[in-house]
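# no sequence for this one, just the structure:
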């Protein structure tokens, strides 16, 4: 099944979506962290902490962070969960290069490694990881079902998936306020700082198109996960998912 956000491509071009996403994130990598935190008023840091806390009772020792970007979620996971090893996987070397420098500054290079991966065709063996995480990245998959099936495949039996993703609020007045913000301030400020006029228009379009809530739970079950739940954060601007293999 094709979901709406899979049809949305950066720069409005009809090329392979994976290649376009890679190009877009390489372009905005130098300013990504600044924009991410400013545009969310740093609330995104709290969202990440909540998503990581979902994993804390299970003490995962081997973690895969999908669409790791500049490594914020990986670094926070390493600090909070203290795993033996954490791999950050992403399609964009530009984003991961920023992450590598951050990992060195934090002194976590013995725990965190980065690897360029096509998240729809991961190179890892079946049943490799105790936990798989993804923050603000799965909206960019050109095949959501395949990407989630890959996460399921590389998880050990009994392992856990923790996802945090930007979503469109459903209730009044946040739905209307978020629509105004995401169509005016977000793309304008994103263009000003990143110099990429299309990236943050693409971001808004994928947020609005991405399946969420109960629909997302059905998609997780279809990928094979036996248990799945979700919780909306900050009036539904962000949604946290948790699933078990």
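Good, I have the coordinates. Just so it is clear, the structure is predicted and the values come from calculations on it, not from any experiment.
# now do the strands in this protein.
Secondary structure of the chain (DSSP state E): strands at 62-66, 85-90, 112-116, 129-135, 155-166, 227-233, 238-244.
# which elements pack onto the third one?
Counting contacts by 3 or more Cβ pairs under 8 Å, 6 or more residues apart in numbering; DSSP states H and E, the secondary-structure elements packed against strand 112-116 are helix 72-81, strand 85-90, helix 93-106. All C-beta spots, glycine's among them, are computed from the backbone N, C-alpha and C.
# just checking, which helix or strand of the chain averages the lowest pLDDT?
One helix or strand of the chain scores below all others by mean pLDDT, DSSP states H and E: helix 185-194, with a mean of 70.
# for residue 32, which of the strands of the chain is the nearest?
Among the strands of the chain, strand 85-90 comes nearest to residue 32, with 11.6 Å by Cβ to Cβ.
# adjacent strands (with direction) for the closest one?
If you go by DSSP bridges, strand 85-90 pairs up with strand 62-66 (parallel), strand 112-116 (parallel).
# out of those strands, nearest to residue 44?
Closest among the strands paired with strand 85-90, using Cβ to Cβ: strand 62-66, at 15.2 Å.
# list the contacts of the closest one.
71, 73-74, 77, 81, 83-89, 119, 124, 128-135, 137-138, 147, 151, 154 (Cβ atoms under 8 Å, 6 or more residues apart in numbering).
# low-confidence stretches in the chain?
38-41, 189-190, 192-193 (pLDDT under 70).
# the longest helix along the chain packs against which elements?
Identified as the longest helix of the chain according to DSSP state H is helix 17-39. Counting contacts by 3+ Cβ pairs under 8 Å, 6+ apart, helix 17-39 packs against helix 43-53, helix 93-106, helix 185-194, helix 199-209.
# which one of those lies nearest to residue 10?
Counting by Cβ to Cβ, residue 10 lies closest to helix 199-209 out of the helices and strands packed on helix 17-39; the figure is 4.8 Å.
# and the closest one with strand 155-166, angle?
110 degrees (axes from the mean of the first three to the mean of the last three Cα atoms, to 10 degrees).
# residues in contact with the nearest residue to residue 208 once chain neighbours are set aside?
Closest residue in space to residue 208, ignoring its immediate chain neighbours: residue 168 at 5.3 Å, by Cβ to Cβ, 6 or more residues apart in numbering. Shown in contact with residue 168 (Cβ under 8 Å, 6+ apart): 175, 178-179, 207-208, 210, 212, 236.
# repeat that with 10 Å
174-175, 178-179, 182, 204, 207-210, 212, 236-237, 239 (Cβ atoms under 10 Å, 6 or more residues apart in numbering).
# how close does it get to residue 213?
According to Cβ to Cβ, to the nearest Å, residue 168 stands 10 Å off from residue 213.
# what do the two both touch?
Common neighbours of residue 168 and residue 213 (Cβ under 10 Å, 6+ apart) are 236, 239.
# straight-line length of stretch 136-151, end to end?
Terminal residues of stretch 136-151 are spaced 15 Å apart (Cα to Cα, to the nearest Å).
# next, the buried residues of that stretch.
136-145, 147-148, 150-151 (16 or more other Cβ atoms under 10 Å).
# and the gap between residue 178 and residue 104?
Taken as Cβ to Cβ, the span from residue 178 to residue 104 is 36 Å.
# who has more neighbours, those two?
residue 178 (23 against 11; other Cβ atoms under 10 Å).
# compute the number of surrounding residues for residue 15.
Neighbours around residue 15, by other Cβ under 10 Å: 11.
# now do the contacts for it.
Residues in contact with residue 15 (Cβ under 10 Å, 6+ apart) are 9, 23.
# mind running it again at 8 Å?
residue 9.
# residue 77 too?
If a contact means Cβ under 8 Å, 6+ apart, then residue 77 has 52, 55, 63, 65, 83, 86, 133 as its contacts.
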